[in-house]
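Student: predicted coordinates and the sequence they were generated for:
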There are 2 protein chains.
Amino acid sequence: MRGNLFAVAVDLVVLTVRDGELCVLLLERTAKPFEGEFALPGGFVQPKEDLLDAATRELVTETGLVIGTHHVEQLASYAAPDRDPRGRVLTVGHLALVPDLPEPEAGAGADSTGGAWHPVAKVDQLAFDHARILADGVERARAKLEYTTLAAAFCPPDFTISQLRRIYEAVWGTTPDPRNFSRKVTSTPGFLLPTGAKFSSGRGRPGQLFRRGPATALHPPMLRDGDSDGDL
Amino acid sequence: MRGNLFAVAVDLVVLTVRDGELCVLLLERTAKPFEGEFALPGGFVQPKEDLLDAATRELVTETGLVIGTHHVEQLASYAAPDRDPRGRVLTVGHLALVPDLPEPEAGAGADSTGGAWHPVAKVDQLAFDHARILADGVERARAKLEYTTLAAAFCPPDFTISQLRRIYEAVWGTTPDPRNFSRKVTSTPGFLLPTGAKFSSGRGRPGQLFRRGPATALHPPMLRDGDSDGDL
DNA sequence: CCAATAGTGTCTTTGAGACATTATTAA
DNA sequence: TTAATAATGTCTCAAAGACACTATTGG
């Protein structure tokens, strides 16, 4: 084995949709490097710990969010030699998609506050290279809504088609036609399971409630309008 | 900084198409862990070296392949605590797509032979968790041919539509209809640039030569037949 | 009755999928 | 002339995109 060793961290891009906006969970740093700036939740991987385990552990520790049943996937690794002033740190970025949870309040970690939701559109600067990681995570989420059923990961267990459509609106920033959208999602076998129940969100006709089905892929995909070209 | 440090390696899934088969570049290990087994090319990241740089350097060192102008992208990181018997090693898998190059012969690394092309379908066992990394790389390549113009990365600078179609056949294991295929690729603006020249591969009518255009995305995508469902 | 939201049907257009013949070259 | 490969056009069908009205509920 060679002598060039790295500290290995995990960082999480935790996304949700709140009040029609795509939001990311950020901590405010209270310790030395980048003190006072916002950062993604994350931390160092422990001996004998795998990456996903580290990611879920850090999330609970720093924000109280139990990711348990929610969607978490690996995003990419970042290891520019100067990305952390304290030394050589490789971080494995992760992407988590969660429903609209209560404001996180739980026990702060050693070097940051407890965390809060921030609209992605208003995030300007982040500690380390976290802005890049966030951008990659958001782009991954946008792309995956096209060809997977992952939008349901942003929804509570039971949800209406309108709620699901508002996820797409928030994540993509576009507004799919309600009729075409409804046709698409209901005609994908295994995407939505009817529960029989209905849900009234205040006034107006109540919508029918669905639950996530076993399908994971959308065939053919639901394409965004201005789908970018630069993602080889 | 904590005391739990990792060695960080890069490994490469280098794919090409030879004689109509999707092939991967493998080394035979000559040193202790997994001696005599096949492995992906790769090695440890040096101090002050970024991941992509390490990947390209290792490839040249171990196999003589200059990846320079070819396509390389990060795949995923693998860090199961017991994945390397020598200690805690995180490896960042990379995917490289190259044209049908001459058999690699160059200077072998310290702990393996110079490397050779192996049909992916015939690979059964690999050192470490490299079988998993290979599987992920192959799946990524298959998926990307659907919605990008990346198939051209397997072709020489000038190529015919038939050559391009044979890439799809080899990677997907299916045979797209020549007319529909031709219609699709020629009607995607910026995918293929006519060179005016023609190319005769032995007997038969020569085909028209094209060069890669600036387009990177296929809209809408060209879907495989039995597109899998399990890739959330 | 009014305001708010859910839910639905049809037409047009685009592109995928299936299919057979002609063109060009080397042997 | 034959064998090999390249190239092309049309029909059918599936699904996307555009578009307006009716249904149900709470206030």
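Tutor: Looks like it came in fine.
Student: only C-alpha atoms for contact and neighbour calcs from this point on.
Tutor: Fine.
Student: list the buried residues of the strand or helix carrying residue A:62.
Tutor: In this structure, residue A:62 is located in helix A:51-63 according to DSSP states H and E. Going by neighbour count (16 or more other C-alpha atoms under 10 Å in any protein chain shown), the buried part of helix A:51-63 is A:51-52, A:54-63.
Student: show me what the longest helix along chain A is in contact with.
Tutor: Identified as the longest helix of chain A according to DSSP state H is helix A:130-147. The contact list for helix A:130-147, computed with C-alpha atoms under 8 Å, 6 or more residues apart in numbering or on different chains, reads A:13, A:39-40, A:75, A:93-95, A:124-125, A:150-151, A:168, A:171-172, A:217-224.
Student: pull the CA atoms of the helix holding residue A:62 into CSV?
Tutor: Extracted in CSV, the C-alpha atoms of helix A:51-63 (Å, rounded to 0.1, in the frame of the first residue of the first chain):
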residue,chain,number,x,y,z
LEU,A,51,-20.6,4.9,2.0
LEU,A,52,-24.4,4.7,2.1
ASP,A,53,-24.3,3.9,5.8
ALA,A,54,-22.1,6.9,6.4
ALA,A,55,-24.5,9.1,4.5
THR,A,56,-27.6,8.0,6.4
ARG,A,57,-25.7,8.2,9.7
GLU,A,58,-24.5,11.7,9.1
LEU,A,59,-27.9,12.9,8.1
VAL,A,60,-29.5,11.7,11.3
THR,A,61,-26.6,13.1,13.4
GLU,A,62,-26.6,16.5,11.8
THR,A,63,-30.2,17.1,11.1
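Student: how about the residues of chain A that lie near chain B?
Tutor: Within reach of chain B by C-alpha under 8 Å from any C-alpha of the partner chain, chain A has these residues: A:1-2, A:4-8, A:44-51, A:74-82, A:86, A:92, A:148, A:150, A:215-217, A:220, A:223, A:228-232.
Student: mind doing that once more with 6 Å?
Tutor: Chain A comes close to chain B at residues A:5-7, A:47-48, A:50, A:79-81, A:216-217, A:229, as judged by C-alpha under 6 Å from any C-alpha of the partner chain.
Student: from these, which would you call buried?
Tutor: Among these, those buried by neighbour count (16+ other C-alpha under 10 Å) are A:5-7, A:50, A:79-81, A:216-217.
Student: return the member of these nearest to DNA strand C.
Tutor: residue A:217 (15.7 Å; C-alpha to the nearest atom of the strand).
Student: right, and the closest one touches residue A:148 too?
Tutor: Yes: contact criterion C-alpha atoms under 6 Å: residue A:217 and residue A:148 qualify, at 4.2 Å.
Student: how far away from the center of its chain is the lowest-mean-pLDDT helix or strand in chain A?
Tutor: Every helix and strand in chain A was compared by mean pLDDT, DSSP states H and E; the lowest is helix A:51-63, with a mean of 91. The chain centroid and the centroid of helix A:51-63 are separated by 14 Å under C-alpha atoms, centre = their mean, to the nearest Å.
Student: list the buried residues of stretch A:69-82.
Tutor: Under the neighbour-count criterion of 16+ other C-alpha under 10 Å, stretch A:69-82 has A:71-72, A:74-81 buried.
Student: what's the pLDDT at residue A:200?
Tutor: Residue A:200 is assigned 76 on the pLDDT scale.
Student: ok, it touching residue A:206?
Tutor: Yes: with contacts counted by C-alpha under 6 Å, residue A:200 reaches residue A:206, the gap being 4.2 Å.
Student: how about residue A:222: what's its closest non-neighbour residue?
Tutor: residue A:146 (4.9 Å; C-alpha to C-alpha, 6 or more residues apart in numbering or on different chains).
Student: ditto for residue A:25
Tutor: Setting aside the residues directly before and after it, residue A:25 is nearest to residue A:117 in space (C-alpha to C-alpha, 6+ apart), at 4.6 Å.
Student: which pLDDT value goes with residue A:180?
Tutor: If you check residue A:180, the pLDDT there is 97.
Student: which strand or helix spans it?
Tutor: Residue A:180 belongs to helix A:178-186, assigned by DSSP H and E.
Student: just give me the neighbour total for residue A:20.
Tutor: By other C-alpha atoms under 10 Å in any protein chain shown, 16 other residues sit near residue A:20.
Student: check contacts around it.
Tutor: residue A:170 (C-alpha atoms under 6 Å, 6 or more residues apart in numbering or on different chains).
Student: and if we set it to 7 Å?
Tutor: Shown in contact with residue A:20 (C-alpha atoms under 7 Å, 6 or more residues apart in numbering or on different chains): A:166, A:170.
Student: quick one: it from DNA strand D, how far?
Tutor: Computed as C-alpha to the nearest atom of the strand, to the nearest Å, the residue A:20 to DNA strand D distance reads 21 Å.
Student: distance of that residue relative to DNA strand C?
Tutor: Per C-alpha to the nearest atom of the strand, residue A:20 is found 12 Å from DNA strand C.
Student: kindly report the same for residue A:165.
Tutor: Distance of residue A:165 to DNA strand C, computed by C-alpha to the nearest atom of the strand: 9 Å.
Student: ok, the nearest residue to residue A:65 once chain neighbours are set aside to residue A:137 distance?
Tutor: Closest residue in space to residue A:65, ignoring its immediate chain neighbours: residue A:59 at 6.0 Å, by C-alpha to C-alpha, 6+ apart. With distances taken as C-alpha to C-alpha, to the nearest Å, residue A:59 is found 16 Å from residue A:137.
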